[in-house]
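A.B. asks: Provide a 3D model corresponding to the input given below.
(2 chains, ligands or ions: 3)
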Amino acid sequence: MTSHRSHPSYWAFVLHRVSGLVLAVFLPFHFSLLVQATEYAVGFDGFLKWSEQPMVKLAETGLIVLLALHLTGGVRLLALEFLAWRDWQKTLVAVCGGLSLAIGLLFLVNAV
Amino acid sequence: MKVSIWRGGKVGRFVAYEVPRLENQTVLDVVTYVQRKLDPSLSYRFSCRVGMCGSCAMTVNGKPRWTCRTHVSKVAVGGTLEIAPLGNLAVIKDLSVDMRVFFDKWAKAGGAFKGDKTRDDDFALIKPADKQRQNANAGIECIGCGVCYAGCDVVRWKPDYLGPAALNRAWTLVNDARDTQGPVRLQLIAGENGCLGCHSQQSCQEHCPKHLSPTASIAGLKRAVSVAALKGRL
Ligand code: SF4
Ligand code: SF4
Ligand code: FES
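C.D. replies: Residues are numbered from 1 along each chain as shown, chains lettered A, B, ... in the order given. Ligands and ions are numbered 1, 2, ... in the order given. Predicted coordinates for the structure are as follows:
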């Protein structure tokens, strides 16, 4: 069954919302981990070692993709609302999605 | 062909009907067949049958559509149709919904034209190439079918939101050089229930059968409101 939600601009809206929410939840953890790792238990070397783990890398890539999605999505919205109207909104959505994945991939390739 | 049609009011159920499949058959043809041949108590609305009056909108296989110009071949999923009343509006009976809230919101958005000329004055001269006129032209062909309104999730989440059609109408008037209600109208459409409530999900322009873009109109209103606010005119 199709619905009034099955189109790219709506998915872009959902992605923007979800990435925002996940970032809001995840970023504090991310920073507190950073602080803990650098200041307390393990020292900086330990932290570097810890951050070499594949799972950590993967999680960081996810974080980067989310950040990129939220950023490009936000720029898209600003452009849509404050610049002259374009009829190629779906292309814009695709560009934002593609750009975010590319940024994530770039990070992953550099990290490994 | 198997067709399920919503019967009842807010509470009700889908009832299955068997309708002969014809060439060039529209969804409205299907509903009319059921009402004429199978169950005369079925309630639904239509008038022009050629996409001008905007009275025949329903939910067809999950999406809001005008039914008189929607061909069965384009929307049937696995050869079947599910036809429900338009969303976001109170069901009166079967496929008829109460459109009053929808049109009341046009009035709330300052949808009425008010000029200052009389019949004795000369015509207003507006060049077709005028930017404002082109903005107005882009939104003026709305037939008031409510399809965009039914597809908008902001209306679903915030029942007081004016909705895409009313705001699109307001935008055409904001761009009408003959209209005198400019600042008053901006006040009416500025708030959270006006253009600022729109999340640019674009379901309205995705489904508008006239291929209008209420999202573009609302973006225009957002800019107009921002400019007015910056200049302290709001
Ligand atoms: S663009 Fe705005 S008015 Fe149109 S469906 Fe989306 S939220 Fe509703
Ligand atoms: S904007 Fe389009 S979908 Fe909305 S009421 Fe007008 S014609 Fe119908
Ligand atoms: S019956 Fe008039 S628009 Fe469909």
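
A.B. asks: my read: B:A57 touches B:L86, true?
C.D. replies: Yes - with contacts counted by CB atoms under 8 Å, B:A57 reaches B:L86, the gap being 5.2 Å. Placement of C-beta: from N, CA and C, glycine included.

A.B. asks: list residues touching both of the two?
C.D. replies: Common contacts of B:A57 and B:L86, defined by CB atoms under 8 Å, 6 or more residues apart in numbering or on different chains, comprise B:64, B:146-147, B:150.

A.B. asks: pull the most distant pair out of those residues.
C.D. replies: B:P64 and B:G146 (7.7 Å; CB to CB).

A.B. asks: settle it for me: which of these two has more neighbours?
C.D. replies: It is B:P64, of B:P64 and B:G146, that has more neighbours when counted by other CB atoms under 10 Å in any protein chain shown, with 28 against 25.

A.B. asks: tell me the contacts of the more buried one?
C.D. replies: The neighbours of B:P64, taking CB under 8 Å, 6+ apart as the test, are A:4, B:57-58, B:86-87, B:146-148, B:150-151, B:207.

A.B. asks: what do you get for B:V30?
C.D. replies: Per CB under 8 Å, 6+ apart, neighbours of B:V30: B:1, B:3, B:19, B:72, B:81, B:83.

A.B. asks: which residues touch the first one?
C.D. replies: Applying CB under 8 Å, 6+ apart, we find B:M1 in contact with B:18-21, B:30, B:72, B:76, B:79-81.

A.B. asks: hmm, which of the contacts of B:P64 is lowest in pLDDT?
C.D. replies: The lowest pLDDT within the contacts of B:P64 belongs to A:H4, with 89.

A.B. asks: just give the number of residues close to residue 26.
C.D. replies: Reading this off chain A. Around A:F26 there are 15 other residues, counting by other CB under 10 Å.

A.B. asks: I was after chain B.
C.D. replies: For B:T26, the neighbour count with other CB under 10 Å is 21.

A.B. asks: now do A:V95, the pLDDT please.
C.D. replies: 83.

A.B. asks: need the contacts of B:P64 in JSON lines (columns: distance to B:Q35).
C.D. replies: Shown next, in JSON lines, are the contacts of B:P64 (distance: CB to CB, whole Å):
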{"residue": "A:H4", "distance to B:Q35": "25"}
{"residue": "B:A57", "distance to B:Q35": "17"}
{"residue": "B:M58", "distance to B:Q35": "13"}
{"residue": "B:L86", "distance to B:Q35": "17"}
{"residue": "B:G87", "distance to B:Q35": "22"}
{"residue": "B:G146", "distance to B:Q35": "21"}
{"residue": "B:V147", "distance to B:Q35": "21"}
{"residue": "B:C148", "distance to B:Q35": "26"}
{"residue": "B:A150", "distance to B:Q35": "21"}
{"residue": "B:G151", "distance to B:Q35": "25"}
{"residue": "B:H207", "distance to B:Q35": "25"}
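
A.B. asks: near ligand 1, from those?
C.D. replies: Contacts with ligand 1 within those, as defined by CB under 6 Å from any ligand atom: none are present.

A.B. asks: hmm, back to that, type out the PyMOL command that picks the buried ones from the contacts of B:V30.
C.D. replies: PyMOL command restricting the contacts of B:V30 to the buried ones, with burial defined by 16 or more other CB atoms under 10 Å in any protein chain shown:
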select buried, chain B and resi 3+19+72+81+83
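
A.B. asks: go through the contacts of B:V30 and name the one nearest ligand 1.
C.D. replies: Proximity of these to ligand 1 (CB to the nearest ligand atom) peaks at B:I83, which lies at 22.0 Å.

A.B. asks: that closest one belongs to a strand?
C.D. replies: Yes - counting by DSSP: H, G, I helix; E, B strand; the rest coil, B:I83 falls inside a strand.

A.B. asks: quick one: contacts for the nearest residue to it once chain neighbours are set aside?
C.D. replies: Leaving aside its chain neighbours, B:I83 sits nearest to B:I5 (4.9 Å; criterion: CB to CB, 6 or more residues apart in numbering or on different chains). Applying CB under 8 Å, 6+ apart, we find B:I5 in contact with B:14-15, B:17, B:31, B:34, B:42, B:83-84, B:94-95.
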